[in-house]
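Chemist: pasted the sequence and its predicted model underneath.
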Amino acid sequence: MGIEATLPHDSMMTTQFNRLVNWARRSSVWPLPFATACCGIELMATACSRFDLARFGAEVMRFSPRQADLLIVAGRIGIKSMPVLQRIYMQMAEPKWVISMGACASTGGVFDTYAVVQGVDQYIPVDVYVPGCPPRPEMLIEGIMAIQRIIDNDNIPKDQAGKRLPLNVVVQPNYDPANQPVDVSIGAT
Ligand code: SF4
């Protein structure tokens, strides 16, 4: 959109092949939402017009693991549903990424019971932890951008045997809440 108008028709560009692949990958992250509870609503809000995840090329939610490279776990995970989550993770093709969104996914949150997994990283490798109950959409976007920065630099961490290591990035809750753009006070005239 516009770049072909500013460049001469017979121009050419040189780059490294892996830079081109990384650029394409980070510009088209396809998330798989594993949303089980209230954090899923914030995940939906992230894709809506006010926050517009499409600005970062990551709005194409896929519900097949074969078509997704970013697993977003949003909400509490029961012991009984953990095998489903593991299977979905294993069915995703490499390179793949995992975001643990919210206190419940990362630690079990307030649900300190035998039926709730006390942190999905006990079962699948988590790359980015997004804290909060629920996290705001800006924080989820920050988590996705952290993964995009890693993809851009192509520094996927691996151990000596070539096994993929989780990134262990934690998003810091450092945003300043902005005022509502529209007055929502009840009874305003
Ligand atoms: S972290 Fe809070 S908002 Fe998210 S699923 Fe748990 S209780 Fe709901």
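Modeler: Now that the structure is in, tell me what you want to look at.

Chemist: show me which helix runs longest in this structure.
Modeler: Across the chain, the longest stretch assigned as helix under DSSP state H is helix 137-153.

Chemist: in the chain, which spans are strands?
Modeler: 31-35, 70-74, 97-101, 128-130, 169-170 (DSSP state E).

Chemist: closest to R55 out of those strands?
Modeler: When the strands of the chain are ranked by distance to R55, counting by Cβ to Cβ, first place goes to strand 31-35 at 14.4 Å. Glycine gets a C-beta too; all of them are placed from N, C-alpha and C.

Chemist: which residue is the nearest non-sequential neighbour of S27?
Modeler: G57 (4.4 Å; Cβ to Cβ, 6 or more residues apart in numbering).

Chemist: quick one: that neighbour from I147, how far?
Modeler: 12 Å (Cβ to Cβ, to the nearest Å).

Chemist: which one's more surrounded, those two?
Modeler: Using other Cβ atoms under 10 Å, the more surrounded residue of G57 and I147 is I147, with 21 against 16.

Chemist: coming back round to it: any residues in contact with both of G57 and I147?
Modeler: Contact criterion Cβ atoms under 8 Å, 6 or more residues apart in numbering; residues shared by G57 and I147: 26, 29.

Chemist: all helices of this structure, in order?
Modeler: 3-6, 17-26, 39-47, 82-91, 102-107, 137-153.

Chemist: that older thread, would you mind giving the strands of the chain as TSV with mean pLDDT added?
Modeler: Output for those, formatted as TSV (pLDDT from 0 to 100):
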stretch	mean pLDDT
strand 31-35	96
strand 70-74	97
strand 97-101	96
strand 128-130	94
strand 169-170	88
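
Chemist: can I get those strands in CSV with distance to the ligand and mean neighbour count?
Modeler: Below are the strands of the chain laid out as CSV (distance: least, Cβ to the nearest ligand atom, whole Å; neighbours: other Cβ atoms under 10 Å):
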stretch, distance to the ligand, mean neighbour count
strand 31-35, 9, 23
strand 70-74, 7, 26
strand 97-101, 7, 28
strand 128-130, 10, 26
strand 169-170, 15, 16
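
Chemist: dump the residue contacts of the residue nearest to S27.
Modeler: 26-29.

Chemist: now, among those, which is nearest to the ligand?
Modeler: The closest of those to the ligand turns out to be V29 (Cβ to the nearest ligand atom; 21.6 Å).

Chemist: what about the closest one, neighbour count?
Modeler: Other residues close to V29 by other Cβ under 10 Å number 21.

Chemist: who's in contact with it?
Modeler: 56-58, 69-70, 97, 144, 147-148, 151.

Chemist: circling back to that earlier point, deepest-packed of the helices of the chain, please.
Modeler: For the helices of the chain, the largest average neighbour count (mean count of other Cβ atoms under 10 Å) is found in helix 102-107, namely a mean of 25.
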